[in-house]
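In: Pasted the sequence and its predicted model underneath.
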2 protein chains.
Amino acid sequence: MFKVNENYLKLPGSYLFSTIGKKVNAYAAANPDKKIIRLGIGDVTQPLPAAVVEALHKAVDEMADASTFHGYAPDLGYEFLRNAIVENDFRARGCDIRADEIFVSDGAKSDSANIQEIFGLDNKIAVCDPVYPVYVDSNVMAGRTGSYDAVSETWSEVIYMPCTAENGFVPELPEKTPDMIYLCFPNNPTGCTITKDQLQVWVDYANKVGAVIIFDAAYEAYIAQEDVPHSIYECDGARTCAIELRSFSKNAGFTGLRLAYTVVPGDLKAGDVALNGLWARRHGTKYNGAPYIVQRAGEAVYSKEGKQQIREMVGRYMKNAHYILEGLKGAGYEVYGGVNSPYVWMKTPDKMTSWEFFDYLLEKANVVGTPGSGFGPSGEHYFRLTAFGSYENTVEAVERIKGI
Amino acid sequence: MFKVNENYLKLPGSYLFSTIGKKVNAYAAANPDKKIIRLGIGDVTQPLPAAVVEALHKAVDEMADASTFHGYAPDLGYEFLRNAIVENDFRARGCDIRADEIFVSDGAKSDSANIQEIFGLDNKIAVCDPVYPVYVDSNVMAGRTGSYDAVSETWSEVIYMPCTAENGFVPELPEKTPDMIYLCFPNNPTGCTITKDQLQVWVDYANKVGAVIIFDAAYEAYIAQEDVPHSIYECDGARTCAIELRSFSKNAGFTGLRLAYTVVPGDLKAGDVALNGLWARRHGTKYNGAPYIVQRAGEAVYSKEGKQQIREMVGRYMKNAHYILEGLKGAGYEVYGGVNSPYVWMKTPDKMTSWEFFDYLLEKANVVGTPGSGFGPSGEHYFRLTAFGSYENTVEAVERIKGI
């Protein structure tokens, strides 16, 4: 008789955003007259930039003609895209990254969930707490996290690094030594960042203890302040200890188009074994490339027009973030993030739990946010609002919250 | 110090098609005057059908307008596509499959590599030999295959089921009892099929011994003969033992567009645990949906015009297959497949090994095929040619082969 992967059975409840979806649908069904504003899930709402739309139409036409048709893409991604990535995202910032260290994929969610597969099951992972749930869940599925304690909502073999108002939402070096360290800056969900000097401490630490850093920079485009690194490769020594994950979802509105990439430097090795080769093997065996038309769309993001358009798009979302931040601050709430990030992280009022505040906000203001506790135990008593709505909805949501 | 997944280090050499690519590139570089015809990799060459192109343009325009923009897709795929799949691929054939049993994805390669993740590591897998390398390689990476014997080119914990001319390329029930059985019909690489009665034997066997069948039906659109099943769910009892993998790559030319789906029936359980729920959890955690525009393209495949256009496309490839089959037969070669499949499977002449014949054919005829031994030990002394080239190239390739 076949056996299932029992690690899956250890996963508590269902995925955070599914639960939110169910609650919101139930509320909407029971209250059809209420206009619900969703500032919960991190999904974009602005249409694709014109340069991207033009590139898509052009590429679709190429696919309609045998002489310009494209079948299977190269395993690592098309050179035109990988070259544009290297030039714009790395060389322009003085980072030493080559095209054969770039792996194009269908999304940072897939990459952040899949990357653990090239590591042994006996590695100990460390995660920020709170954190994007996929890092831990994908390691649970692989069997790397030990047993689950329902009271503390933690896994016995995971090193949690609390990020709270007390430490400015930047984790301290852990007491136990981890093998794999997940860092995400600008952070999801706190919206807070790390300075280059602070990140250098982590790079030095990882090189010293022989850990690998998986650096999720999906929100890089929102960085506004000077001393915040756009890439971990701005730090000395990162090529020997860090993998970086990037996405086109949040800078260029590709959440429904699907495009991302992972950087695995050639210098990142365990003894003689280069992780670049292992990830290439995984890519070649378990994945078959991002669509040609989407890779052309990605290339257009780096065109002169594309860059201008995504700057404007990011600017519009950041106007929302600013409105949320200042509005809630003015109303007496304790709020964080929202400066280098589309996420505003607020402390729940009156010691409400995150889910209590979720229900409260849904019922009293018809506004959907994301309960901080869904991102980890230290997220309890916090709440995430996102700047991805329309300006009108954002203003209305903030006014409603101020009114309750 | 972090540790790598040592299972990766057990994988011999590199992926079959990468090796072919390198050999062909080296030959082309050394012989720039030669016109090489590639009948090796199973990639399509005809442009996308007009109905698909139209749907793509329309969907791109929707993504260009905030009021019709689509962000993250639903985890399982859009209902419009899942409903079209259920209606056309299953109900029209009398198969009892529901929309919530369909999981839309970016490709059958990903699905066939990822599906093993929901099973325990202590399951024993059985594969046809020869077979598409991804089934075994993905299980090697997971650590389910034991040790590799370089002489026999087999894994100690894999049950190989030889498919050769002697058994008509249909495997016999194995002596050792497997937990997971990979079947692919019409078969890649042999191009041969299984009748409905023969497949029913496998379904009955799987239900009896408690095994799960992973049925890869990526080449279903090429079936021409009446008694060949299009879906395993045409067999009685398949809902309690079978997962089916389908693809838009080979019927509609989506190799560069990326779309596929997996069927996991609600009745397929290990004790109380439904595999449908496990796969849903994997999809929700490690994947973020196929692009909206590509799902709309998939929907167009099921439109009246789309169906007509893909029938014509498949017809053109099958004209090639027929030409290869008859041409090589006429020249005295022993050939198989090519009737319900775009693949022709030939016996190498003069007891050449598959790779010897690969080199011979590349050098003497400048034709690229795929060495049968790359698909498993019983593929040795066989060679795969594909019908995905243009008619002109196919004719020229066959004439060249006849001339050597």
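Out: Okay, I see it. Numbering: from 1, shown residues only, chains lettered A, B, ... in the order given.
In: Am I right that residue A:276 is in contact with residue A:263?
Out: No: counting by CB atoms under 8 Å, residue A:276 does not reach residue A:263; the two are 9.5 Å apart. To be clear about C-beta, it is placed using only N, CA and C from the backbone, and glycine gets the same treatment.
In: Just the local confidence number for the closest residue to residue A:132 other than its chain neighbours, please.
Out: Nearest residue to residue A:132 in three dimensions, chain neighbours excluded: residue A:188, at 4.9 Å (CB to CB, 6 or more residues apart in numbering or on different chains). For residue A:188, the pLDDT comes out at 95.
In: what about residue A:188, neighbour count?
Out: Per other CB atoms under 10 Å in any protein chain shown, the neighbour tally for residue A:188 reads 25.
In: mind listing what it touches?
Out: A:42, A:131-132, A:216, A:218-219, A:343 (CB atoms under 8 Å, 6 or more residues apart in numbering or on different chains).
In: repeat for residue A:353
Out: Shown in contact with residue A:353 (CB under 8 Å, 6+ apart): A:371, A:373, A:380-381.
In: switch the cut-off to 10 Å
Out: Counting by CB atoms under 10 Å, 6 or more residues apart in numbering or on different chains, residue A:353 touches A:359, A:371-373, A:380-381, A:383.
In: And residue A:291, by the same measure?
Out: So residue A:291 contacts A:56, A:59, A:63, A:70, A:73, A:106, A:257-259, A:297, B:106-107, B:254-259, B:290-291, B:293-294, B:297 (CB under 10 Å, 6+ apart).
In: Can you name the residue of the stretch 151-300 of chain A nearest to chain B?
Out: residue A:210 (3.3 Å; CB to the nearest CB).
In: Only the buried members of the contacts of residue A:353: can you turn that into a PyMOL selection?
Out: In PyMOL syntax, the buried subset of the contacts of residue A:353 is picked out as below (16 or more other CB atoms under 10 Å in any protein chain shown):
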select buried, chain A and resi 371+372+373+380+381+383
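In: Let's have the contacts of residue A:353 in CSV, adding secondary structure, distance to chain B and pLDDT.
Out: Listed next are those as CSV, based on DSSP: H, G, I helix; E, B strand; the rest coil; distance: CB to the nearest CB, whole Å; pLDDT from 0 to 100:
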residue, secondary structure, distance to chain B, pLDDT
A:359, helix, 23, 96
A:371, strand, 18, 95
A:372, helix, 20, 95
A:373, helix, 18, 93
A:380, coil, 22, 96
A:381, coil, 26, 97
A:383, strand, 21, 97
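In: Reformat the contacts of residue A:353 as JSON lines; add distance to residue A:321.
Out: As requested, those are exported to JSON lines (distance: CB to CB, whole Å):
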{"residue": "A:359", "distance to residue A:321": "24"}
{"residue": "A:371", "distance to residue A:321": "19"}
{"residue": "A:372", "distance to residue A:321": "17"}
{"residue": "A:373", "distance to residue A:321": "22"}
{"residue": "A:380", "distance to residue A:321": "23"}
{"residue": "A:381", "distance to residue A:321": "21"}
{"residue": "A:383", "distance to residue A:321": "15"}
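In: still on that earlier bit, now the contacts of residue A:188: which count as buried?
Out: By neighbour count, with 16+ other CB under 10 Å, these hold A:42, A:131-132, A:216, A:218-219, A:343 as buried.
In: helices or strands up against the lowest-mean-pLDDT helix or strand in chain A?
Out: Least confident helix or strand, chain A: helix A:16-30 with a mean of 90, by mean pLDDT, DSSP states H and E. Secondary-structure packing of helix A:16-30 (3 or more CB pairs under 10 Å, 6 or more residues apart in numbering or on different chains; DSSP states H and E): strand A:37-38, helix A:354-364, strand A:367-368, strand A:370-371, helix B:275-286.
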